[in-house]
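S.K.: predicted model, plus sequence, below.
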Amino acid sequence: MATKTKKRVVKAKTEKVKPLVGIVMGSKSDWPVMKESVAVLEKFGLPYEVRVISAHRSPEEATAFASTASTRGLKVIISAAGMAAHLGGVLAAHTHLPVIGVPMKGGALDGLDSLLSTVQMPRGVPVATVAMGGSGAHNAALLAVQMLALADENIKKKFQQYKRTMKQDVFNADLALQKELQEG
Ligand code: RP5
């Protein structure tokens, strides 16, 4: 009996789940920030893959990743890049999947360069650009969750619950503040 239980656990651990969200970063140096995206996807129990692929340093890989993304089962791509951030645009050029761009802070212009490079896409090739840095990484994953929720009732319910919890947290914070002010 004990052996059977053990076998089941091992199988579950080695089962491959196809990723639905692809997170692509221009550099490993973007990883500390992009962990925020991963944390959100984990919270919603969504399978993802994370890659370091550069539009400038490994352009062939960027093209290959984007052009095979849909057939590999991905539904949405999150792209993070800093400085002259062309990664989101290059990925979007090679796939029909929605691409969400996260501009990375840093460099001489501290992210203003990557914000403009990511958001200012020419007509016909959109990259849904979120805020710079950690908040953007967080929101990019939430946006991916919302996109997936369009076709999945379970994900939709989880997202609605997330919104309710967030609202409750604000109410609680306000209550705590009012109490503090009255006592203070
Ligand atoms: C971009 O240049 C990367 O996305 C990163 O944000 C920035 C700096 O890259 P590293 O020089 O740290 O590799 O391509």
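M.R.: Cool, got the structure.

S.K.: now do the contacts for the residue nearest the centre of the chain.
M.R.: For the chain, the residue nearest the mean C-alpha position is Ala141 (3.3 Å; Cα atoms, centre = their mean). Contact analysis of Ala141 by Cβ atoms under 8 Å, 6 or more residues apart in numbering lists Val21, Glu36, Ser37, Val38, Ala39, Val40, Leu41, Ile78. Using the backbone N, CA and C atoms, a C-beta is placed for each residue, glycine as well.

S.K.: quick one: buried residues of the helix or strand where the fifth one lies?
M.R.: Ala39 is part of helix 31-43 when elements are defined by DSSP states H and E. Counting neighbours by 16 or more other Cβ atoms under 10 Å, one finds that the buried residues in helix 31-43 are Val33, Met34, Glu36, Ser37, Val38, Val40, Leu41.

S.K.: which one of those is nearest the ligand?
M.R.: Nearest to the ligand among those is Val33, at 8.8 Å by Cβ to the nearest ligand atom.

S.K.: local confidence estimate at the closest one?
M.R.: Val33 carries a pLDDT score of 98 in this model.

S.K.: that one contacts His138, correct?
M.R.: No - Val33 is beyond contact range of His138, at 9.7 Å (criterion: Cβ atoms under 8 Å).

S.K.: need the nearest residue in space to Val119, chain neighbours excluded.
M.R.: Thr129 (4.0 Å; Cβ to Cβ, 6 or more residues apart in numbering).

S.K.: burial of that neighbour, as a residue count?
M.R.: Residues lying near Thr129 (other Cβ atoms under 10 Å) number 24.
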